[in-house]
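> using only what follows, build the 3D model:
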Amino acid sequence: MENGNGHVPVNGEAQNGAVNGTANGNGHVHRKPKAVIVGGGIAGLMLANCFNKAGMDYIILERAETSNRAYGSNVVLVPNGLRIFDQLGLYEKIKSVSTDAIENHFWERKGDALRQWAAVTATPGLTIEGRWGYAQCNIHRKDLLITLWEQVDDDHIMTGVKVTSIREEKDRIVAICQDGSEYSGDFIVGADGAWSHTRHALYRNIEVENSQLMTEHDKAGLQCQYHAIFGYTKPIEGLEIDNVFHWINGKDYMLNTIIANSEDVLSPHKGWTLGEMAANADAIVKVNLEEKCFDRWTYGRTILIGDAAHKMSPFIGQGANQAIEDCVVLTNILYNTTQNKKESLTKKDYEEAFNTFVDVRHARAKWIVGQAHTSGKIFTWPNAFWRLTCKAVYSLPYVMNLALQDKLYGVRPTLKFLPPPVAIVTGSSRGLGAAIAKVLASKGAKVVVNYANSAKKAEEVVASIKDNGGEAVAVGADLGSEDGSQKLVDESVKAFGKIDIIVNNGAIWKYENLGEIKASTFDKFFAVNVRGPLLLVQASLPYLQDNGRIINISSIAARAGHPASSVYGGTKAAPEAMSRAWASELGPKHNITSNCVGVGPVLTEMIAEELQLATAMTTNAPLLRVADTSDITDIVSFLASEQSHWVTGDIRSLNRSSALSALRLTPAFTFAQNSSIGFRK
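Prediction:
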């Protein structure tokens, strides 16, 4: 039986109804393995959240008395980590207590600017979010711990418990604590940080039982070349929330760099001192920046993860994200191992599983530890060689950054036992549809890229998705034909076996004076823009999973009442009405949400050709600019996510859909009216 938080109590009834056991794919029921997780930090709590999704049993032993720990500083979360939070249903919660990174600045010793990285103003296709679907964000360590802790039932956590040694017995392993208490399980996970007591106990056991397995590298322990001050403060008078501050790296010349870096950086903050910040700090601590990727991560029934296995310096912001990758890979391996066994797992089974984990993770973790170490050298310039290296690296705009992104973010393990959603995006061979398809794929969905005529363009979108680690297929189907929608559904199910998300984006567009409209034009527009989406949803109903999502893309023309828009405007008003009707009809019986997103001009390759017209259409809009595709895809991806489960029957008028009645007076619109521009998305 699940408790109020949706978690399975340690000694309660398992999700599949087998008491203290699990049923594998062959229907066999055996005793449910139990993990003893040492450490309730980021790695330990993240592993617990992954275990919750896998229905695995565990107990966390945390030496602190509470999760509300004020020590530490900001944690950087990047796409390879954020994607997992999205899978766990925690992404929106993380976003609500974090701040997106806006800028990074790099200066040389004399104060000359080397490089500026701007997440928002850079070309969208080259930003982190544009390439990988998630923006880099900063979150207080305490807020991250609390977010993870809140998802774990209290029965799974023991606080104020310090593990000092490990004793392995025939069919179990025991964690022995400083207060004399003991906790047993089938295996132990050391997630207790850089100075891991689990690792020390593990290495002591290896020295006694099989000393030749210990390397001199591991015996030497952690290494440290730098120190850092971490903390966060209460508000200081004169400093406003959302101001952008600068992290200036240095070694023995940090203050010289600040002083030399011109008045434009310092003048807004006159009268503010580091001492005042320290005096207002809720927590501030000087810490050693240890580094080491250990050779030996496992022995017997014990496995190390996170900083206990691979401690890295913070210069590239990967410490927490690599711990998250550990949790995902370990959970996947253990889940597969338990599902493929008819009997309870043996010590040999755990050893094989843990060795597989090391094979998957060790090389990548070691490489990232090395990259972080090298970045530290570049940032701090210990000698002339590194000063020259720094200048060389930052003189190559984007090239080094993009190559590093590919390796850091392109390898993104996911919880494989959670089947990814399948999304159909109509009209997605180019423009807004292509952008939506790419973003949904970057967030883990398998995507069906639909096109009517542009097969080559559709294949380019599919190739782009696959290059970034996603799954997609291109399906040609003309939704204006009577059988086009059924063909699209059949091919989608053939490719991926189900349908979870439908984005009705494809449409044809044309402004034509009332006196010139032909019956055939009317029929064609309503066939593609209205009948097509309706038949697609209808054909998908047998396959749409419980908790499915329908998202219709509407237009400014549905409400603005532009001249010459009677046909096109009518076809875009219809999806708004259908969205509400489907919400009422499909929600109660099938738990399917249906929403509509109304958009104005969006900067795609087609609109770019008529930029004057598009700009004129924002004259009276609340935000006086043409939308970027990311402005729309952010909303669509939210409506397609689990976090939108309470949103249905909603018409999202983005930027008030740029509903501009004054537009009819502009010369640009007169041109568009007379030119009868038309295209298929």
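> going by C-alpha atoms from here, please, whenever you check contacts or count neighbours.
Fine.
> just the element for residue 536, please.
Residue 536 is part of helix 532-540 when elements are defined by DSSP states H and E.
> helices or strands up against that helix?
In terms of contacts (3 or more CA pairs under 8 Å, 6 or more residues apart in numbering; DSSP states H and E), helix 532-540 is packed against helix 484-496, strand 499-504.
> just checking, residue 310 touches residue 365?
Yes: between residue 310 and residue 365 there is a contact at 6.6 Å, judged by CA atoms under 8 Å.
> give me the number of residues near residue 371?
By other CA atoms under 10 Å, 19 other residues sit near residue 371.
> does it lie in a helix or a strand, and which?
With DSSP H and E as the test, residue 371 turns up in helix 347-380.
> same check on residue 58?
Residue-wise, residue 58 maps onto strand 57-62 under DSSP H and E.
> got a list of contacts for that strand?
Here strand 57-62 makes contact (CA atoms under 8 Å, 6 or more residues apart in numbering) with 10, 32-40, 44, 48, 51, 155-163.
> run the last query once more with 7 Å
Here strand 57-62 makes contact (CA atoms under 7 Å, 6 or more residues apart in numbering) with 10, 32-40, 156-162.
> among those residues, which ones are in helices?
Members of these lying in helices (criterion: DSSP state H): none.
> which among these end up buried?
10, 32-40, 156-159, 161-162 (16 or more other CA atoms under 10 Å).
> for those, which two are the farthest from each other?
Pairwise distances across the buried ones among the contacts of strand 57-62 (CA to CA) peak at 25.5 Å, for the pair 32 and 162.
> which parts of the stretch 1-150 of the chain are helices?
Along the stretch 1-150 of the chain, the stretches classed as helices by DSSP state H, counting those that start in this stretch are 42-54, 79-87, 91-96, 128-132, 141-149.
> mind checking pLDDT for residue 275?
pLDDT for residue 275: 69.
> go on, residue 105?
Confidence score, pLDDT, at residue 105: 56.
> what of residue 490?
At residue 490, the model reports a pLDDT of 95.
> count the residues that sit near it.
By other CA under 10 Å, the residues close to residue 490 number 15.
> mind checking how far it is from residue 187?
46 Å (CA to CA, to the nearest Å).
> residue 315 now?
For residue 315, the distance to residue 187 equals 33 Å [CA to CA].
> again, but for residue 316
For residue 316, the distance to residue 187 - CA to CA - is 32 Å.
> who has more neighbours, these two?
residue 187 (25 against 17).
> which one is the more buried one nearest to, not counting chain neighbours?
residue 301 (4.8 Å; CA to CA, 6 or more residues apart in numbering).
> what about the one you found, how many residues nearby?
Per other CA under 10 Å, the neighbour tally for residue 301 reads 26.
> any low-confidence regions in the stretch 201-350 of the chain?
230-278, 280-284 (pLDDT under 70).
> what about the strands in it?
For the stretch 201-350 of the chain, applying DSSP state E, counting those that start in this stretch gives strands covering 223-233, 281-293, 298-299, 302-304, 310-311.
> now the ones you listed as CSV including distance to residue 460 and mean neighbour count?
Output for the strands of the stretch 201-350 of the chain, formatted as CSV (distance: least, CA to CA, whole Å; neighbours: other CA atoms under 10 Å):
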stretch, distance to residue 460, mean neighbour count
strand 223-233, 45, 14
strand 281-293, 39, 17
strand 298-299, 44, 20
strand 302-304, 42, 26
strand 310-311, 38, 26
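> okay but residue 198 is in contact with residue 190, surely?
Yes: here residue 198 reaches residue 190: they are 5.3 Å apart, a contact under CA atoms under 7 Å.
> thinking again about what came up before, and the helix holding residue 371, how far out from the chain middle?
21 Å (CA atoms, centre = their mean, to the nearest Å).
> return the set of buried residues in it.
347, 349-351, 353-355, 357-358, 361-362, 365-366, 368-373, 375-380.
> what's the most buried one of the helices and strands packed on helix 532-540?
Among the helices and strands packed on helix 532-540, strand 499-504 has the highest mean neighbour count (mean count of other CA atoms under 10 Å), at a mean of 25.
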